[in-house]
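S.K.: Take this sequence and fold it.
(one chain, ligands or ions: 1)
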Amino acid sequence: MTYKLGDIVTIGDCTLYCGDCLDILPTLGTVSVVVTDPPYGMNFQSNRCKDGPSFDRLIGDMAAPVAWLSVAPDADAIVVFCEWRNAEVFRAAIEAAGWPVRSQLVWDRVIHGMGDLTASFAPCHDLAWWACRPTYKFPGKRPTTVMRYQRVDHDKKVHPTEKPVELLAHIVSRATPQDGIVLDPFIGSGTTGVACVRLGRHFIGIELEPRYFGVAVKRIQDEYDRTALLESPPTRNVESPLPGMEPTA
Ligand SMILES: C[S@@+](CC[C@H](N)C(=O)[O-])C[C@H]1O[C@@H](n2cnc3c(N)ncnc32)[C@H](O)[C@@H]1O
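M.R.: Reported below is the predicted structural model:
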């Protein structure tokens with residue numbers, strides 16, 4: 001199935017928009033939590049052609065794209081992935097948009113990447129900012145700031161900057177009430193949506209690139225079909241993660 005800008009797909013409790021989040025975000029109502037992995041503004045292009053798929057340059061990755069924060073809908077809390085070189089740009093934009101930053105999160109990818117082979121530490125983590133309204137309270141036990149989940153193998157990736165589902169499920173389950181609505185304005189291959197289906201959360205996702213939108217629709221539909229086959233509906237929470245969702249030891 002191919003998709004085009006303007007398409008809207010509904011799968012269970014997920015609504016997916018193929019379009020520019022700058023246009024779609026102002027049309028949305030209040031959500032519970034924004035969880036997103038926007039283009040980092042680092043002009044990223046995968047160079048893993050030998051042992052994995054190669055990908056085009058990501059749309060919107062030429063400059064730190066923070067304009068969306070000023071048109072994002074009201075939300076109790078927000079998690080925004082970034083990396084050390086642009087973290088302060090994102091932090092300033094999150095705070096300017098009205099969410100006081102409360103924590104810096106670290107995703108330990110377990111297996112390091114390449115980087116400068118002679119003069120930089122081998123890169124093995126990404127960062128994320130956690131910001132919330134003063135009235136926000138975690139639905140369960142207070143989570144810790146370091147999340148250790150092995151990155152997706154290059155030869156299994158369907159998106160150049162694909163995050164592990166377990167990582168997104170970790171964040172969504174700890175930050176969002178069971179009946180909450182999660183918004184991701186930059187879904188890429190739909191990882192946040194897959195995590196939300198797995199956890200039984202409502203989800204709204206946006207992706208500008210029709211090819212990746214199609215990948216996201218398929219992954220979310222597959223997860224929805226898989227969870228529909230489970231005997232009990234997916235209502236698990238912080239205290240009872242799904243098997244296989246436990247952090248890497
Ligand atoms: C860092 S990737 C997200 C990857 C995702 N976390 C995953 O696991 O697949 C960011 C995505 O945002 C999309 N994007 C860039 N600009 C956008 C915009 N203005 N509106 C919606 N999506 C956009 C890109 O096409 C890209 O797929």
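S.K.: For Ala131, give the beta-bridge partners.
M.R.: Ile78, Val101 (DSSP bridges).
S.K.: list the contacts for it?
M.R.: By Cβ atoms under 8 Å, 6 or more residues apart in numbering, the residues touching Ala131 are 77-78, 80, 94-95, 99-102. C-beta here means a position set from N, CA and C on the backbone, and glycine is covered the same way.
S.K.: Please check the residues you listed and keep the buried ones.
M.R.: With burial judged by 16 or more other Cβ atoms under 10 Å, the buried subset of those is 77-78, 80, 94, 99, 101.
S.K.: As TSV, those with distance to the ligand and pLDDT would be great.
M.R.: Listed next are the buried ones among the contacts of Ala131 as TSV, based on distance: Cβ to the nearest ligand atom, whole Å; pLDDT from 0 to 100:
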residue	distance to the ligand	pLDDT
Ala77	18	98
Ile78	15	98
Val80	11	98
Ile94	17	98
Trp99	19	97
Val101	20	98
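S.K.: Using CSV, lay out those residues together with distance to Asp126.
M.R.: Formatted as CSV, these follow (distance: Cβ to Cβ, whole Å):
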residue, distance to Asp126
Ala77, 19
Ile78, 16
Val80, 11
Ile94, 16
Trp99, 19
Val101, 16
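S.K.: ok so, going back, closest to Leu28 among the contacts of Ala131?
M.R.: Using Cβ to Cβ, Ile78 comes nearest to Leu28 of the contacts of Ala131, at 13.8 Å.
S.K.: Quick check, that closest one in contact with Val33.
M.R.: Yes: contact criterion Cβ atoms under 8 Å: Ile78 and Val33 qualify, at 6.9 Å.
S.K.: can I get the contacts of Ala131 in JSON lines with distance to Ser70?
M.R.: Converted to JSON lines, those look like this (distance: Cβ to Cβ, whole Å):
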{"residue": "Ala77", "distance to Ser70": "17"}
{"residue": "Ile78", "distance to Ser70": "13"}
{"residue": "Val80", "distance to Ser70": "13"}
{"residue": "Ile94", "distance to Ser70": "10"}
{"residue": "Glu95", "distance to Ser70": "12"}
{"residue": "Trp99", "distance to Ser70": "12"}
{"residue": "Pro100", "distance to Ser70": "16"}
{"residue": "Val101", "distance to Ser70": "16"}
{"residue": "Arg102", "distance to Ser70": "20"}
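S.K.: can you pull out the helices in this structure?
M.R.: Secondary structure of the chain by DSSP state H: the helices cover 21-24, 87-96, 165-175, 191-199, 210-229.
S.K.: So which of the ones you listed has the densest surroundings on average?
M.R.: helix 191-199 (a mean of 28; mean count of other Cβ atoms under 10 Å).
S.K.: Closest residue of this protein to the ligand?
M.R.: Gly188 (2.5 Å; Cβ to the nearest ligand atom).
S.K.: Regarding the residue nearest to that residue when sequence neighbours are not counted, what are the backbone dihedral angles?
M.R.: The spatial neighbour of Gly188 that comes closest, neighbours along the chain excluded (Cβ to Cβ, 6 or more residues apart in numbering), is His159 at 4.6 Å. Backbone dihedrals for His159, given as degrees, to the nearest 10, come out at phi -150, psi 140.
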